[in-house]
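Undergrad: Show me the folded form of this:
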Amino acid sequence: MTAWRSITTRRGDEFAAELDRRLPANREAVLEVGVGTGVVALGLRRRGRIVIGVDLAAAMLSRAAARLGPVVVRGDARGLPFADASVPNAISVWVIHAVDPPEALFAEVARVVRPGGRYLVCPTNRPAGLDPIEPILTALFARAERRHPTWRQRHVTAADILAWGAQAGFDGHLEVFAERSWVTSAAEQTQSIRDRVWPALQGLDDEAFEKVTRPAFEALAALPDGPIVQRAEADVVVLCRD
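TA: Residues are numbered from 1 along each chain as shown. Have a look, this model is predicted:
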């Protein structure tokens, strides 16, 4: 396993720990809407949870299947391939900003989650303190938006999630994680761009990908060698289905 994959798995495990203690203690199955590469689901499984994953991106789903086995399915969050009231609980981590319209996602989760179930939603991290990586990625995503055929940046707040959840019939409240830190490097971030781990980079043709990413590669190459500490704050919105 590469250093980058090891760090990604650790970060997924940290989120899984936070979500696990906010899920009901009955250990019923959890649906991850937007399972991605499966790192959060893997962390929940290590804590004794039964996890089912759904994602629209085939490349991401293949990585999730390699980690989790045949418990993931390809599907659109706006039309989940599950029966009404068939899911005990659900989670989404860093997904809502990529779904348009988001109201359709919340309506679908409300449809499939059983009465009494929970839906835990994490918006993207908020950078804490100086971070040499964050402005490089912000500029990268802005360039990607201008050239991507479908992807558009959307800043989603916890207040947005609470409003969309209420519209779908959830009662909700906000909880804040403690500030988190992790060690990365310019080389690891470069590899994550090459692997197109972000939705902003998926769907770009080779020419667009080269033009979008070249300034980021140059900026990362100009950073000092060695470890870089990143810090961020994170929220989780706890939505309850009564």
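Undergrad: make it CA atoms for all contacts and neighbour counts henceforth
TA: Fine.
Undergrad: which residue is nearest the centroid of this protein?
TA: Note on the chain: the residue nearest the mean C-alpha position is residue 94, at 3.0 Å, using Cα atoms, centre = their mean.
Undergrad: Which pLDDT value belongs to residue 143?
TA: Per-residue confidence (pLDDT) for residue 143: 97.
Undergrad: which ones are touching it?
TA: By Cα atoms under 8 Å, 6 or more residues apart in numbering, the contact list for residue 143 reads residue 212.
Undergrad: For it, what are phi and psi?
TA: Phi and psi for residue 143, reported as degrees, to the nearest 10, are phi -70, psi -40.
Undergrad: what does residue 230 give?
TA: According to degrees, to the nearest 10, residue 230 has phi -110, psi 140.
Undergrad: Residue 36 falls within a strand, correct?
TA: No: going by DSSP: H, G, I helix; E, B strand; the rest coil, the assignment for residue 36 is coil, not a strand.
Undergrad: if we can go back for a sec, surely the residue nearest to the centre of the chain is in contact with residue 123?
TA: Yes: counting by Cα atoms under 8 Å, residue 123 is a contact partner of residue 94 at 5.1 Å.
Undergrad: What about residue 238, how many residues nearby?
TA: Per other Cα atoms under 10 Å, the neighbour tally for residue 238 reads 23.
Undergrad: Which residue comes closest to it once chain neighbours are left out?
TA: residue 120 (4.9 Å; Cα to Cα, 6 or more residues apart in numbering).
Undergrad: which residues of this protein fall in helices?
TA: 3-20, 39-46, 58-68, 102-112, 134-147, 158-168, 186-194, 206-221 (DSSP state H).
Undergrad: then the fifth one to CSV, C-alphas only?
TA: Only the C-alpha atoms of helix 134-147 are listed here, as CSV (Å, rounded to 0.1, in the frame of the first residue of the first chain):
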residue,chain,number,x,y,z
GLU,A,134,-5.4,24.1,0.4
PRO,A,135,-5.0,27.1,-1.9
ILE,A,136,-3.4,24.9,-4.6
LEU,A,137,-6.4,22.6,-4.5
THR,A,138,-8.9,25.5,-4.4
ALA,A,139,-7.3,26.9,-7.6
LEU,A,140,-7.3,23.4,-9.2
PHE,A,141,-11.0,23.0,-8.5
ALA,A,142,-11.8,26.4,-10.0
ARG,A,143,-9.9,25.6,-13.2
ALA,A,144,-11.7,22.2,-13.3
GLU,A,145,-15.1,23.8,-13.0
ARG,A,146,-14.4,26.0,-16.1
ARG,A,147,-13.5,23.0,-18.2
